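>>> Here is my input, please return the structure:
(one chain, ligands or ions: 2)
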Amino acid sequence: MRTKRYPALAELGLHPPAQVDVAYENLLAEVLTHGAAKRDRTGTGTRSLFARQLRYALADGFPRLTTKFVAMKAVKGELLWFLQGRSNVGWLQERGIRIWDEWAGADGELGPVYGVQWRSWPTRDKGVIDQISELLTTLRTDPDSRRMIVTAWNVSELDAMALPPCHAFFQCYVSEGRLSLQVYQRSADLFLGVPFNIASYALLTHMLAQQADLEPGELVWTGGDCHIYDNHVEQVREQLSRVPQSFPFPVLRLERAASIDSYTMDDIDASRGYRHHPAITAPVAV
Ligand SMILES: Nc1nc(=O)c2c([nH]1)NC[C@@H]1CN(c3ccc(C(=O)N[C@@H](CCC(=O)O)C(=O)O)cc3)CN21
Ligand SMILES: O=c1ccn([C@H]2C[C@H](O)[C@@H](COP(=O)(O)O)O2)c(=O)[nH]1
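Numbering: from 1, shown residues only. Ligands and ions are numbered 1, 2, ... in the order given. Purely as a prediction, here's the structure:
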């Protein structure tokens, strides 16, 4: 039996408040004011809180923050790069995306990171498991399954990775024809990484839904160590001083591709309705 689906605000001709900013900024403000001082691997220093959650109803719009410019080109490129199973930054650099440069070796390699684990998780008998293809098969044939999980946290290969996965694990869930996704991010750089991670998983949810003929449902982001680096505090204050409420949610245009790995940069456009405050630059902790 299908229960009633409430219409999205956009279907009623209403603009929801830019909740993408409100929920995120509440978390930024909470960590800024209540976070415990904590040392970290990079030697930068952070303030940090453990285990927080953000939720986005994707029918209300695409969660691209408006209180600073979010570089969608890098978000799109990185996700396509994961979905194509790549681990060399060369492909990103050819597209002008440099967000992984600091972690790559001289040959551009990062080791068996996200894309490799998603598309070719190595098995004991020297074969590989394509977790993304298996996920899509399950979404199409057994959407009530409670086993729709993709994990990049391959314990036996962590030492070969340039950086152990931060967004380590995600689960899909289908109800009433809508696909929801929850991602677990063990370590969350709230100012630089998280705006990217939210947009990236929202985009992934849209792509998986499109490929499985489902509607996008809810994106649930769960963070473990949620931190603000000490050298991002001024930037965070600047962002929190900006007013998001008057901006509508941006809308995603996604051209359907033949398969999950054949989307191109031009198939994805999250610029419609995207009104934003200027970029805020910050050093990345390596
Ligand atoms: N400390 C740290 N934080 C991260 O977010 C992070 C890592 N390390 N290591 C691996 C990846 C690389 N990521 C990054 C790296 C740089 C930016 C960054 O500099 N973003 C800028 C603009 C980038 C652009 O225009 O291309 C920004 O203003 O968001 C974002 C995410 C996310 N990850
Ligand atoms: O997608 C990403 C990738 C990385 N991060 C952040 C989280 C931490 O600040 C660092 C990783 O350092 P660890 O010592 O390995 O936790 O990178 C992110 O927020 N999002």
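
>>> In the strand or helix carrying residue 169, which residues are buried?
Per DSSP states H and E: residue 169 is located in strand 167-175. By neighbour count on 16 or more other Cβ atoms under 10 Å, the buried set for strand 167-175 is 167-174. From N, CA and C alone the C-beta is placed, and that goes for glycine too.

>>> And stretch 32-41, by the same measure?
The neighbour-count check on stretch 32-41 (16+ other Cβ under 10 Å) flags 32, 35, 40 as buried.

>>> now the residues you listed in JSON lines, with distance to ligand 2?
Shown next, in JSON lines, are those (distance: Cβ to the nearest ligand atom, whole Å):
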{"residue": "32", "distance to ligand 2": "16"}
{"residue": "35", "distance to ligand 2": "13"}
{"residue": "40", "distance to ligand 2": "6"}
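
>>> residues touching the residue in the stretch 151-286 of the chain that ligand 2 sits nearest to, list them.
Relative to ligand 2, the nearest point of the stretch 151-286 of the chain is residue 193 (2.4 Å; Cβ to the nearest ligand atom). Counting by Cβ atoms under 8 Å, 6 or more residues apart in numbering, residue 193 touches residue 166.

>>> how close does it get to residue 153?
17 Å (Cβ to Cβ, to the nearest Å).

>>> And the pLDDT for the closest residue to ligand 1 within the stretch 151-286 of the chain?
Nearest residue of the stretch 151-286 of the chain to ligand 1, counting by Cβ to the nearest ligand atom: residue 193, 2.4 Å away. For residue 193, the pLDDT comes out at 98.

>>> Check the gap between it and residue 59 for me.
In terms of Cβ to Cβ, residue 193 sits 26 Å off from residue 59.

>>> Mind listing the strands the helix or strand containing residue 228 pairs with, and their directions?
Residue 228 belongs to strand 215-229 when assigned by DSSP H and E. The pairing partners recorded for strand 215-229 under DSSP bridges are strand 46-57 (antiparallel), strand 178-189 (parallel).

>>> can I get these in CSV with mean pLDDT, distance to residue 281 and mean neighbour count?
Formatted as CSV, those follow (pLDDT from 0 to 100; distance: least, Cβ to Cβ, whole Å; neighbours: other Cβ atoms under 10 Å):
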stretch, mean pLDDT, distance to residue 281, mean neighbour count
strand 46-57, 97, 19, 18
strand 178-189, 98, 14, 21
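
>>> Now tabulate the ones you listed in JSON lines and tack on distance to ligand 2.
As requested, the strands paired with strand 215-229 are exported to JSON lines (distance: least, Cβ to the nearest ligand atom, whole Å):
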{"stretch": "strand 46-57", "distance to ligand 2": "8"}
{"stretch": "strand 178-189", "distance to ligand 2": "3"}
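
>>> Which among those strands is found nearest to residue 119?
strand 178-189 (17.4 Å; Cβ to Cβ).

>>> got the angle between the helix or strand just after the closest one and strand 215-229?
Next helix or strand after strand 178-189 toward the C-terminus (DSSP H and E): helix 193-211. Inter-element angle recorded for helix 193-211 and strand 215-229: 170 degrees (by axes from the mean of the first three to the mean of the last three Cα atoms, to 10 degrees).
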